[in-house]
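J.: My questions concern the predicted model and sequence given below.
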Number of protein chains: 6
Amino acid sequence: MATVTLISDEEATPEVRAVYDDIRTTRGGDFINNFWRALAHDPALLKATWERLKAVMGPGEIDPLTKEMIYIAVSVANSCEYCAHSHTAAAKAKGMTEAQHGELLSVIGMASQTNALATALQVPVDDAFKV
Amino acid sequence: MATVTLISDEEATPEVRAVYDDIRTTRGGDFINNFWRALAHDPALLKATWERLKAVMGPGEIDPLTKEMIYIAVSVANSCEYCAHSHTAAAKAKGMTEAQHGELLSVIGMASQTNALATALQVPVDDAFKV
Amino acid sequence: MATVTLISDEEATPEVRAVYDDIRTTRGGDFINNFWRALAHDPALLKATWERLKAVMGPGEIDPLTKEMIYIAVSVANSCEYCAHSHTAAAKAKGMTEAQHGELLSVIGMASQTNALATALQVPVDDAFKV
Amino acid sequence: MATVTLISDEEATPEVRAVYDDIRTTRGGDFINNFWRALAHDPALLKATWERLKAVMGPGEIDPLTKEMIYIAVSVANSCEYCAHSHTAAAKAKGMTEAQHGELLSVIGMASQTNALATALQVPVDDAFKV
Amino acid sequence: MATVTLISDEEATPEVRAVYDDIRTTRGGDFINNFWRALAHDPALLKATWERLKAVMGPGEIDPLTKEMIYIAVSVANSCEYCAHSHTAAAKAKGMTEAQHGELLSVIGMASQTNALATALQVPVDDAFKV
Amino acid sequence: MATVTLISDEEATPEVRAVYDDIRTTRGGDFINNFWRALAHDPALLKATWERLKAVMGPGEIDPLTKEMIYIAVSVANSCEYCAHSHTAAAKAKGMTEAQHGELLSVIGMASQTNALATALQVPVDDAFKV
């Protein structure tokens, strides 16, 4: 159903295989999800995307679970079906509770609504908000 | 520049004034930002939106600053100019550091990129992600 | 501020001038809004867009005011600043009352919210909705 | 395929069951569509969403069928697959004819096109449109 | 799964059949893809859309393959599942190599990322970019 | 007007200054546009974004002007005001003619329209398009 075939381990070039290996090592498991197998048609794009993702989503000033919830929020607003599934699964794996999931959905729904209202009304930015 | 005029305190009907009062009490300050003053043309919509916002953004399973960051993420993906300004200001008021802001932007940028790639490739959802 | 200059009547080629004339005749006034003056850099695109707009927005099975409200709804969801302004002005000129405007905003806000929730939840389409 | 399971009548908590009952009473039928069954994981969000939807989509200054067509317009612009299906079915149930459906699609297509053109050209808002 | 049935050759009215014939002649093949068969419920919309598409996508100042890649870019940003599939297939049929496909994806991913960053930061337009 | 201040040369840390220098060297001019000056609040994000942009937009299988046109297409569909301005200016600097600009707009407008129609109709993907 993808617009390209999915690259199996056997079909992977050495450059692709190195990325697959690093995904496995970083995540501590054998599973490589379809996103990377589709991206593998362009090894340079695969490598740049994975390395940036690893740097961005790792530990930092914002904790990993919060980052996943932010990722879900962007993915939903961008209507990305695959991303809604994969990042909801990732957030659950990182400990998102059902109550947190419900609050996340409530914030996403609220923001979507007021975004539309502010755009429809073309509300001018308050001076107080200007840097 | 809005598509409607902004309703001042003097022009506010009693129903609108009651919402303005509750915003001031809840936030502990005199400032009413333009979003509410534009929305005040429809008192019922103003009241429903404010009361839901108050319920959603208050304390819960997700802390208020994290909720603001999620709100920014949705607002950016929805290209809402007013909302990017108002919620970035709100997040800073709730203690978002410059380092957290940078990480938030990094996650938003990363998600936007992989959302587009997953959509372009029409990646099928992995069985492992299905509930 | 546009990415192109706006084409005045004096600068208009005969092909552009013919479209400007038709806009004036159709709308019964002298005013040509900036959208057409920007589009006039490509006379063929100007003409195709205007003629299609005239055909689509004219009388039919859906009345002209309802069509303007639908146009606003799409423009808001697409975050088009210019279009939110121009089509809200057009709807008011066609008789949209303040009460109708408030209901329109309420529906747009509601739809934006449930769109996000349905996408976040990846709700499967009910068999009952399938044709 | 949803990111959560769908809550059957048997699994519903009393709070969820009360909403299901109100949906059935309001709509005059036994059918509860999947959107509500997915949302039921968070009873407070379910209740707030349903009650607001009932208030917004009921009789008012804009007739119910027009509201459904506006809902479809927003849902399409937001690329919501589930919503396109469910609200097209709802509009047909409320009497949308094939001719009205065709005109609705024509307006949505036209608006999508001019939204993109106005954004690409960054057309400045005419003074005449300013409130 | 569509919100309307697909119109077969046998069900086509003479006006629809004329468009189907022109699609076959123009493309040099018998295949009519589902988009046109769904649109055929409104013969006037079908005809207007096809004739405009034929005019826009034909030879001109930009070569046909480049036009398809631009079409893919818009379709991805608009999260159009059908369009991502149909225009990726069309680009491949017009000679898009795997290396070009990879670069196209890289540009789409990059643009999506910086679009989000510029919106989040609400970067003011430089004077140097103003016309 | 940005949500952060713009970092001047004098305020730049050595890490930021190194990126500014590379932008100047790569582009062969002294001008640093506001996007980079806003992003400079997070030196790591600035550096990662600039280096990836330089790699993606440089010579390859797709020529630089075509890449700019694809960038404009994505930016328009994402409603990025800053990006529409900056990349239209960049495309003109790389030789985009007025005729090419008009065709680019025509393709973007056409795609936006058919994206909306395909989504509204929820057209199923043809078997012929499946890989």
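T.: Happy to help now that I have it.
J.: In PDB, list the C-alpha atoms belonging to the helix or strand containing A:Thr119.
T.: Here A:Thr119 sits within helix A:98-121, counting by DSSP states H and E. In PDB, the C-alpha atoms belonging to helix A:98-121 read as follows (Å, rounded to 0.1, in the frame of the first residue of the first chain):
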ATOM      1  CA  GLU A  98      -5.100   6.300  30.000                       C
ATOM      2  CA  ALA A  99      -5.800   9.400  32.000                       C
ATOM      3  CA  GLN A 100      -2.800  11.200  30.500                       C
ATOM      4  CA  HIS A 101      -4.000  10.100  27.000                       C
ATOM      5  CA  GLY A 102      -7.400  11.600  27.700                       C
ATOM      6  CA  GLU A 103      -5.900  14.900  28.800                       C
ATOM      7  CA  LEU A 104      -3.700  15.000  25.800                       C
ATOM      8  CA  LEU A 105      -6.700  14.500  23.500                       C
ATOM      9  CA  SER A 106      -8.600  17.200  25.400                       C
ATOM     10  CA  VAL A 107      -5.700  19.700  24.900                       C
ATOM     11  CA  ILE A 108      -5.400  18.800  21.200                       C
ATOM     12  CA  GLY A 109      -9.200  19.200  20.700                       C
ATOM     13  CA  MET A 110      -9.200  22.500  22.600                       C
ATOM     14  CA  ALA A 111      -6.300  23.900  20.700                       C
ATOM     15  CA  SER A 112      -7.800  22.900  17.300                       C
ATOM     16  CA  GLN A 113     -11.000  24.700  18.200                       C
ATOM     17  CA  THR A 114      -9.400  28.000  19.300                       C
ATOM     18  CA  ASN A 115      -6.900  27.900  16.500                       C
ATOM     19  CA  ALA A 116      -9.800  27.900  14.100                       C
ATOM     20  CA  LEU A 117     -11.700  30.600  16.000                       C
ATOM     21  CA  ALA A 118      -8.600  32.900  16.200                       C
ATOM     22  CA  THR A 119      -8.000  32.400  12.400                       C
ATOM     23  CA  ALA A 120     -11.700  33.000  11.500                       C
ATOM     24  CA  LEU A 121     -11.700  36.200  13.600                       C
END
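J.: list the contacts for A:Ala38?
T.: By C-beta atoms under 8 Å, 6 or more residues apart in numbering or on different chains, the residues touching A:Ala38 are A:2, A:4, A:6-7, B:121, B:123. To be clear about C-beta, it is placed using only N, CA and C from the backbone, and glycine gets the same treatment.
J.: what's the average pLDDT for the helix holding A:Thr119?
T.: Model confidence over helix A:98-121 averages 98 on the pLDDT scale.
J.: Now do it against helix C:98-121: the angle between them, please.
T.: Angle, helix A:98-121 to helix C:98-121, by axes from the mean of the first three to the mean of the last three C-alpha atoms, to 10 degrees: 140 degrees.
J.: sorry, back to before: looking at neighbours, which among the contacts of A:Ala38 is most surrounded?
T.: B:Val123 (28 neighbours; other C-beta atoms under 10 Å in any protein chain shown).
J.: quick one on the thing from earlier: please compute how far the helix holding A:Thr119 lies from its chain's middle.
T.: Distance of helix A:98-121 from its chain centroid, counting by C-alpha atoms, centre = their mean, to the nearest Å, is 18 Å.
J.: what does stretch A:122-131 give?
T.: 30 Å.
J.: Equivalent analysis for stretch A:84-94, please.
T.: 9 Å.
J.: What residues sit buried inside it?
T.: Within stretch A:84-94, the residues scored as buried using 16 or more other C-beta atoms under 10 Å in any protein chain shown are A:84-92.
J.: contact partners of that stretch?
T.: With C-beta under 8 Å, 6+ apart as the test, stretch A:84-94 has contacts from A:33, A:35, A:64-65, A:68-69, A:71-72, A:75-76, A:101, B:111, B:125-126, B:128-130, C:119-120, C:122, D:3.
J.: Which ones among those also lie next to chain E?
T.: On the criterion C-beta under 8 Å from any C-beta of the partner chain, B:Ala111 are the entries of those that sit beside chain E.
J.: What ranges in chain A fall below the confidence cut-off?
T.: Along chain A, the model assigns pLDDT under 70 to no residue.
J.: Return the distance of the residue positioned nearest the centre of chain A relative to chain D.
T.: When C-alpha atoms, centre = their mean is applied to chain A, the residue found nearest the centroid is A:Tyr71 (4.7 Å). Distance from A:Tyr71 to chain D, counting by C-beta to the nearest C-beta, to the nearest Å: 13 Å.
J.: Same check on A:Gly29?
T.: To chain D, A:Gly29 is 21 Å away according to C-beta to the nearest C-beta.
J.: now A:Ala120
T.: A:Ala120 sits 10 Å away from chain D, going by C-beta to the nearest C-beta.
J.: which ones are touching that residue?
T.: The contact partners of A:Ala120, taken as C-beta under 8 Å, 6+ apart, are B:3, C:72, C:76, C:84, C:88, C:105, C:108.
J.: Just give the closest residue to it, not the sequence neighbours.
T.: C:Val76 (4.4 Å; C-beta to C-beta, 6 or more residues apart in numbering or on different chains).
J.: Toward the C-terminus, what is the element adjacent to the host helix or strand of that neighbour?
T.: When elements are assigned from DSSP H and E, C:Val76 belongs to helix C:64-77. Going down the chain from helix C:64-77, the next helix or strand is helix C:81-93, by DSSP H and E.
J.: from the middle of its chain, how far away would that following helix be?
T.: For helix C:81-93 - counting by C-alpha atoms, centre = their mean - the centre lies 8 Å from the chain centre.
J.: Can you show me the CA trace of that helix as CSV?
T.: Listed in CSV are the C-alpha atoms of helix C:81-93, where the atom choice follows Å, rounded to 0.1, in the frame of the first residue of the first chain:
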residue,chain,number,x,y,z
GLU,C,81,-5.6,35.2,6.2
TYR,C,82,-6.6,37.1,3.1
CYS,C,83,-9.5,34.7,2.4
ALA,C,84,-10.9,34.9,6.0
HIS,C,85,-11.1,38.7,5.6
SER,C,86,-12.4,38.8,2.0
HIS,C,87,-15.1,36.1,2.4
THR,C,88,-16.3,37.3,5.8
ALA,C,89,-16.7,40.7,4.2
ALA,C,90,-18.5,39.1,1.2
ALA,C,91,-20.8,37.1,3.5
LYS,C,92,-21.7,40.3,5.5
ALA,C,93,-22.4,42.0,2.2
